[in-house]
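Engineer: 3D, please:
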Amino acid sequence: MKKRRINLLIYNISFKSMIIRYINMSTIIYDFETSGLNPYHDDITEIGCRCLETDETFNCLVQPLSDRLLSERNQEITGITNQMLKKEGLRPIEAYKRFFDVLKSIYDRDEPLTLIAHNGRSFDDIFFKRAHRYLQGEGIVLYDTMMKHINYIDSLNVCRLLHPERTSHSMKSMCQVYNIVNEAEHRAMGDVDALSKIWKQLIIKIQDKYQGINPSHIKYLIYI
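Structural biologist: Numbers count the residues shown, from 1 in each chain. This is a model prediction of the structure:
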C-alpha cells in the first residue's frame, strides 16, 4: 500500500521549522555513552537502542577508538570502567557494524527510519555520523543508502516546544515531569528505556495541545 504523507507546520523556532509528518516508518530511540562531552573528538563507550514498533533492542560496550583511558570522573558518573571496556567491550569496528546491522535490518524491512535521541542534534547524532564515516574509511559502504533515508528527532527540542515553562529540559528533569524512574541513569539502555517512556508522553501532550489535528496523523516531529 502506498505510504501516506501529511505535513503540517505547527511551530517556528529560531533555528529551524518543526513539522508534524505522518509516515509509515520505524522509530529508533538510541543513546551513546561516551568518554567525554566533545562529540567531535571523544569516544563512544556504550551503544543502546530500541525500536518502538517491534521492541527490538541492541546494547554493547565499546572499546575507545582513540585507546584513551576513561577519566575517574567519567567512570564514577556512568559506572563504566576501563576494566569493563577491556574485558567486555567490542572493538569499535565490530560494535559499529553490529549496531548498523540492526538498523539496516529494520530499514530493509520498513524504510525509512527515524532516530530519536535527547540532545541528539548537538551530541548523539554527531557521534552516529562519525561512526558511519569511520566504517566508510574502513571500506564498509553497506550502510550508505540507509544513511540517506534517516530522519532525526531531537527530543530535547521537542520538550522545549511542549514545556516552555520549564527551565530545564534534561532527561532527569523530564523524568521528574512524567514520574518516570530511570533504572540505570547514564547507561545507554537505561537512558533509552527512560526516553522511550518520555516520548510516549510527549506524543500524548502533542495530541492534547494541538486538538485540531487528527491524533492518527501525529506520529513524528521531524526537523527540516
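Engineer: Sketch out the strands for the protein, chain order is fine.
Structural biologist: 6-12, 17-22, 26-34, 44-51, 57-61, 113-117, 150-154, 220-223 (DSSP state E).
Engineer: Which of these has the lowest mean pLDDT?
Structural biologist: Looking at the strands of the chain, the lowest mean pLDDT belongs to strand 6-12 (a mean of 34).
Engineer: pLDDT weak spots in the protein?
Structural biologist: 1-24, 210-224 (pLDDT under 70).
Engineer: Centre-most residue in it?
Structural biologist: Ala117 (2.7 Å; C-alpha atoms, centre = their mean).
Engineer: Report the separation between the closest residue to that residue other than its chain neighbours and Thr167.
Structural biologist: Once flanking residues are discounted, Ala117 sits nearest to Asp124: 3.8 Å by C-beta to C-beta, 6 or more residues apart in numbering. (Glycine included, C-beta is placed from N, CA and C.) Applying C-beta to C-beta, to the nearest Å, the value for Asp124 to Thr167 is 23 Å.
Engineer: Looking at those two, which is more packed in?
Structural biologist: Asp124 (23 against 6; other C-beta atoms under 10 Å).
Engineer: Pretty sure the more buried one sits against Phe32.
Structural biologist: Yes. Assessed by C-beta atoms under 8 Å, Asp124 is found in contact with Phe32 at 5.3 Å.
Engineer: what residues are shared contacts of those two?
Structural biologist: Both Asp124 and Phe32 are in contact with Ala117, where contact means C-beta atoms under 8 Å, 6 or more residues apart in numbering.
Engineer: Show me what counts as buried in the longest helix seen in the chain.
Structural biologist: For the chain, the longest helix by residue count, based on DSSP state H, is helix 188-209. Applying a neighbour-count criterion of 16 or more other C-beta atoms under 10 Å, one finds 188-199, 201-203, 205-206 buried in helix 188-209.
Engineer: if we can go back for a sec, can you tell me how far the residue nearest to Ala117 sits from Gln207?
Structural biologist: For Asp124, the distance to Gln207 - C-beta to C-beta - is 26 Å.
Engineer: And for Glu88?
Structural biologist: In terms of C-beta to C-beta, Glu88 sits 41 Å off from Gln207.
Engineer: got the contact list for the longest helix of the chain?
Structural biologist: 20, 29-33, 46-50, 52, 57, 59, 116-118, 155, 158-159, 162, 171, 174-175, 178, 180-185, 213, 215, 218-219, 221.
Engineer: Just the buried subset of those, written out for PyMOL, thanks.
Structural biologist: To isolate the buried subset of these in PyMOL, counting by 16+ other C-beta under 10 Å, use the following:
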select buried, resi 20+29+30+31+32+33+46+47+48+49+50+116+117+118+155+158+159+162+171+174+175+180+182+213+218+219+221
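Engineer: contacting residues around the spatially closest residue to Val62 that is not a sequence neighbour?
Structural biologist: Among residues not flanking Val62 along the chain, Ala95 sits closest, at 4.2 Å (C-beta to C-beta, 6+ apart). By C-beta under 8 Å, 6+ apart, the residues touching Ala95 are 44, 47, 60-63, 89.
Engineer: Same question for His169.
Structural biologist: Applying C-beta under 8 Å, 6+ apart, the residues near His169 are 156, 159-160, 163.
Engineer: now swap in Ala131 and tell me
Structural biologist: 44, 92, 96, 99-100.
Engineer: ok, now with 7 Å
Structural biologist: 44, 96 (C-beta atoms under 7 Å, 6 or more residues apart in numbering).
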